[in-house]
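Asks: structure for the following, please:
(one chain, ligands or ions: 3)
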Amino acid sequence: MYNIRDWRHAFKLDPNKEISDENLEKLCESGTDAIIVGGTDGVTLEKVLDLMARVRRYTVPCVLEVSNIESITPGFDFYFIPSVLNSPHSKWIIELHHEAVKEYGDIMNWDEILVQGYCILNEECKVAKLTKAKTNLTGEDVAAYARIAENMLHLPIFYLEYSGSYGDVQIVQEAKEVLDNTVLFYGGGIANLSQAKEMAAYADVIVVGNAIYRDLEKALETVKI
Ligand SMILES: CC(C)=CCC/C(C)=C/CC/C(C)=C/CC/C(C)=C/CC/C(C)=C/CC/C(C)=C/CC/C(C)=C/COP(=O)(O)OP(=O)(O)O
Ligand SMILES: O=P(O)(O)OC[C@@H](O)CO
Ligand SMILES: [Mg+2]
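Replies: Ligands and ions are numbered 1, 2, ... in the order given. The predicted model follows:
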């Protein structure tokens with residue numbers, strides 16, 4: 001499954017959180033379409049390398065969602081690059097990216113790099129605070145960001161991020177309705193199969209993060225969407 005258009009489900013592992021070998025095996029062998037390695041804070045090269053090496057024991061595609069330049073390393077199948085469309089600060093939209101491409105441009109394999117247009121909607125989450133994202137958005141606002149992602153920026157991924165809280169299904173539906181080519185990712189607060197199914201009715205790919213660390217067995221059930 002090396003084409004994101006074929007994906008329906010991904011687990012997001014936070015390098016800043018502990019996971020046992022036994023639990024990691026369950027996740028990697030669960031039937032999920034990908035393991036995404038990413039988090040907002042405490043993401044170091046050492047922790048990313050450790051998690052990558054452990055996930056690499058399995059055949060599941062392994063993606064680094066880049067959150068800082070210092071922790072980028074070769075060895076992943078894909079690199080997801082967030083650009084926070086609803087941040088008022090160019091740093092999180094384009095500037096860090098410019099810095100990184102200046103450093104790595106000569107060795108970058110663009111076929112492995114997929115830019116994600118992020119729209120962050122939970123004002124309490126760490127990434128909203130970090131990027132000062134404007135989270136007070138209507139469905140119409142979100143659909144406009146989705147249209148920009150697809151038709152103006154031609155991004156492969158539009159990511160509705162409710163990290164830490166379960167989102168508004170109506171908003172996910174409104175975003176999906178305006179997208180034809182860009183793949184819609186939804187992440188946030190999915191803790192069980194029924195929530196996974198509800199979001200997967202509109203999102204192309206659902207991402208399950210925190211539930212892994214709270215109730216692994218319930219998190220594993222979400223692959224059955
Ligand atoms: C050497 C080598 C192999 C090079 C490969 C080439 C390569 C991949 C080059 C990279 C090029 C590039 C353009 C990099 C971008 C650099 C960069 C730092 C961009 C900024 C990204 C960004 C906007 C970060 C902000 C934070 C963010 C959006 C993180 C995404 C993950 C996320 C939202 C996690 C959720 O947070 P979490 O910690 O789980 O929150 P909770 O604790 O509340 O759950
Ligand atoms: O951790 P949760 O709330 O599941 O969110 C998943 C992912 O969207 C976080 O970036
Ligand atoms: Mg998390």
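Asks: near ligand 2, anything from stretch 198-206?
Replies: No. Counting by C-beta under 6 Å from any ligand atom, ligand 2 has no neighbours in stretch 198-206; the shortest distance is 8.8 Å. Bear in mind the C-beta positions are built from the backbone N, C-alpha and C, glycine included.
Asks: actually stretch 130-139, sorry about that
Replies: No. Taking C-beta under 6 Å from any ligand atom as the criterion, stretch 130-139 and ligand 2 are apart, separated by no less than 12.1 Å.
Asks: could I get the buried residue list for that stretch?
Replies: By 16 or more other C-beta atoms under 10 Å, the buried positions in stretch 130-139 come out as Leu130, Thr131, Ala133, Lys134, Thr135, Leu137.
Asks: the fifth one is in what secondary structure piece?
Replies: Spelled out, it's Thr135. Per DSSP states H and E: Thr135 is located in neither a helix nor a strand.
Asks: shouldn't it be in contact with Asn86?
Replies: Yes. At 7.2 Å, Thr135 and Asn86 qualify as touching, with contact defined as C-beta atoms under 8 Å.
Asks: before we move on, the earlier item: out of the buried residues of stretch 130-139, which one sits closest to Phe185?
Replies: Ala133 (16.0 Å; C-beta to C-beta).
Asks: tell me the secondary structure at that closest one.
Replies: coil (DSSP: H, G, I helix; E, B strand; the rest coil).
Asks: shouldn't Val185 be in contact with Gly209?
Replies: Just so we're on the same page, residue 185 is Phe rather than Val. No. With contacts counted by C-beta under 8 Å, Phe185 stays clear of Gly209, the gap being 11.8 Å.
Asks: which bits of the protein sit near ligand 1?
Replies: Close to ligand 1, as judged by C-beta under 6 Å from any ligand atom, the chain has residues 14, 38-40, 65-69, 72, 74, 79, 81-82, 84, 92, 96-97, 100-101, 104, 108, 113, 118, 125-127, 130-131, 161, 163-164, 209-210.
Asks: how about the helices in the chain?
Replies: With DSSP state H as the criterion, the chain has helices at 21-28, 45-55, 90, 96-104, 126-131, 139-147, 169-177, 193-200, 211-214, 216-221.
Asks: pLDDT (mean, whole number) over the second one?
Replies: I take that to be helix 45-55. The average pLDDT within helix 45-55 is 98.
Asks: again with the fourth one
Replies: If you average the pLDDT over helix 96-104, you get 97.
Asks: circling back: the residues of the chain next to ligand 1, buried ones only, as a PyMOL selection?
Replies: Applied in PyMOL, the following selects the buried portion of the residues of the chain next to ligand 1 according to 16+ other C-beta under 10 Å:
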select buried, resi 14+38+39+40+65+66+67+72+79+81+82+84+92+96+97+100+118+125+127+130+131+161+163+164+209+210
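Asks: for Ile215, give its distance to Glu161.
Replies: For the record, residue 215 is Asp, not Ile. According to C-beta to C-beta, to the nearest Å, Asp215 stands 21 Å off from Glu161.
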